[in-house]
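*Asks:* Sequence first, predicted coordinates after that:
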Amino acid sequence: MNFHDVFEFLKERQSGGANTVLVTVCGVEGSSMRNPGTIMGVAEDGTYAGSLSGGCIETAVVAEAIDALRFGEPRITRFGAGSPYIDIKLPCGGGLDLHFQPLGDSDLAAKCLQSVQQRAPFSVTLSPVCPQHSPGWHPTSYNAAEGTAVFGHWPEPQLAIIGHGAGVAALDRLAHTLGCRTQVYTPDDRIAADLESVSTEVARLKRASETGLLRSDPWTAFAFLFHDHDWETDLIERALTLPHFYLGAMGGSKAHAARCEVLRARGVSDAQIAAIKAPIGVFHSSRDPQTLALSALAEIIRTYQETDFGAAVG
């Protein structure tokens, strides 16, 4: 979820004339803080964006990246278990194969950044020759002997927060802290004004029937936070027909039973109704806005990580 920051850093430093290196986790042995495909960007002056561990090896990674720049060739280096650097260890006891790719005048970072900004799946192919950006998601592969790897990346999760009250603002703030995009739909003018002042994208609902305002893609989570459940029926019914990976709604078991009855009477299928996460969140009876936001966002991110978008999108 830090792809935007890393590729933006690389693009900006390249634009300023600096030599840069894209560092990618290719292989993981044992326990590790990061998964294959995680990236870090390093500039020739030692500045960097991204993280490949819990802070254990970043200094060594920067030094290795600068050395790769000196030779001007890509390389794969093992850190941790099995590494030639016996003085650099990962506390978790695992090992990481890191691919160092000097970018030169490559437009890889610019193309990847564009895909991230457009919320389009993309893939990066690493090789001993040059890296390549490809539109569309491709499954992960890594050949250590040949020094090649492919990593596909899905867009980051986007939250469509629909409701009124302090919980809307709390969830928006927490989502931004994690690096998620948000869209807020609310009839609450005070909340709308507060969120617009911090550049959140807000659509003001004047009527519950304004379902045409809703927008989404397969990487969108709908979070319904209405205390007055009369506001939500039309909007939930519409959201269920739009692309999304998650739909959750606030309210206890009695409120959800009534919600299901109304939706079923409108012709919403049992399968669609069963997919609604309610009460919303990983722990229920969350009565303060901050706890509600934490509970809902934890469930949303967990669902995002567990979703097979290859099947859901394809």
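*Replies:* Now that the structure is in, tell me what you want to look at.
*Asks:* from here on, contacts and neighbour counts on C-alpha atoms
*Replies:* Will do.
*Asks:* From the contact counts, what lies against the lengthiest helix in the chain?
*Replies:* In the chain, assigned by DSSP state H, the helix with the most residues is helix 289-306. Helix 289-306 sits against helix 166-178, strand 246-249, with contacts defined as 3 or more CA pairs under 8 Å, 6 or more residues apart in numbering; DSSP states H and E.
*Asks:* which residues touch the first one?
*Replies:* Under the contact criterion CA atoms under 8 Å, 6 or more residues apart in numbering, helix 166-178 has outside partners 159, 161-162, 181-182, 184, 191, 195, 225, 288-290, 292-294, 296-297.
*Asks:* which among those end up buried?
*Replies:* Among the contacts of helix 166-178, the ones that count as buried by 16 or more other CA atoms under 10 Å are 159, 161-162, 181-182, 184, 191, 195, 225, 289-290, 292-294, 296-297.
*Asks:* Kindly indicate which of the residues you listed lies nearest residue 309.
*Replies:* Within those, the smallest distance to residue 309 is 16.5 Å, found for residue 159 (CA to CA).
*Asks:* Rounded mean pLDDT for the one helix or strand the closest one maps to, please.
*Replies:* Element membership of residue 159 [criterion: DSSP states H and E] is strand 158-163. Across strand 158-163, pLDDT averages out at 98.
*Asks:* just stretch 191-202 next, same as before
*Replies:* Stretch 191-202 carries an average pLDDT of 94.
*Asks:* what does stretch 117-130 give?
*Replies:* 93.
*Asks:* Please point out which parts of it sit buried.
*Replies:* Judged by neighbour count (16+ other CA under 10 Å), stretch 117-130 contains these buried residues: 119, 120, 121, 122, 123, 124, 125, 126, 127.
*Asks:* cool, and stretch 297-310?
*Replies:* Neighbour counts over stretch 297-310 (16+ other CA under 10 Å) mark 297, 298, 299, 300, 301, 304 as buried.
*Asks:* Among those, which one sits closest to residue 46?
*Replies:* residue 301 (32.3 Å).
*Asks:* residues in contact with the residue lying closest to residue 132 once chain neighbours are set aside?
*Replies:* Of all residues not flanking residue 132 in the chain, residue 125 sits nearest, at 5.1 Å (CA to CA, 6 or more residues apart in numbering). Counting by CA under 8 Å, 6+ apart, residue 125 touches 131, 132, 133, 134, 148, 149, 150, 151.
*Asks:* quick one, strands of the protein?
*Replies:* Shown for the chain, the strands assigned by DSSP state E span residues 20-29, 39-43, 48-50, 75-80, 95-102, 122-126, 132-135, 141-143, 148-153, 158-163, 181-186, 201-204, 220-225, 246-249.
*Asks:* what sits up against stretch 266-279?
*Replies:* 237, 240, 246-253, 256, 260, 263-264.
*Asks:* What's the ChimeraX line that selects buried ones from these?
*Replies:* In ChimeraX syntax, the buried subset of those is picked out as below (16+ other CA under 10 Å):
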select :237,240,246,247,248,249,250,251,256,260,263
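*Asks:* Export the contacts of stretch 266-279 to CSV and append columns for pLDDT.
*Replies:* Formatted as CSV, the contacts of stretch 266-279 follow (pLDDT from 0 to 100):
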residue, pLDDT
237, 98
240, 98
246, 98
247, 98
248, 98
249, 97
250, 94
251, 91
252, 91
253, 91
256, 96
260, 97
263, 97
264, 97
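*Asks:* pLDDT score for residue 97?
*Replies:* Note on residue 97: pLDDT of 88.
*Asks:* list the contacts for it?
*Replies:* By CA under 8 Å, 6+ apart, the neighbours of residue 97 are 25, 26, 27, 28, 76, 77, 78, 79.
*Asks:* how far away is it from residue 219?
*Replies:* Relative to residue 219, residue 97 is positioned 29 Å away (criterion: CA to CA, to the nearest Å).
*Asks:* for residue 106, same thing?
*Replies:* Plainly put, residue 106 is 29 Å away from residue 219 if you go by CA to CA.
*Asks:* between those two, which one's more packed in?
*Replies:* residue 219 (21 against 14; other CA atoms under 10 Å).
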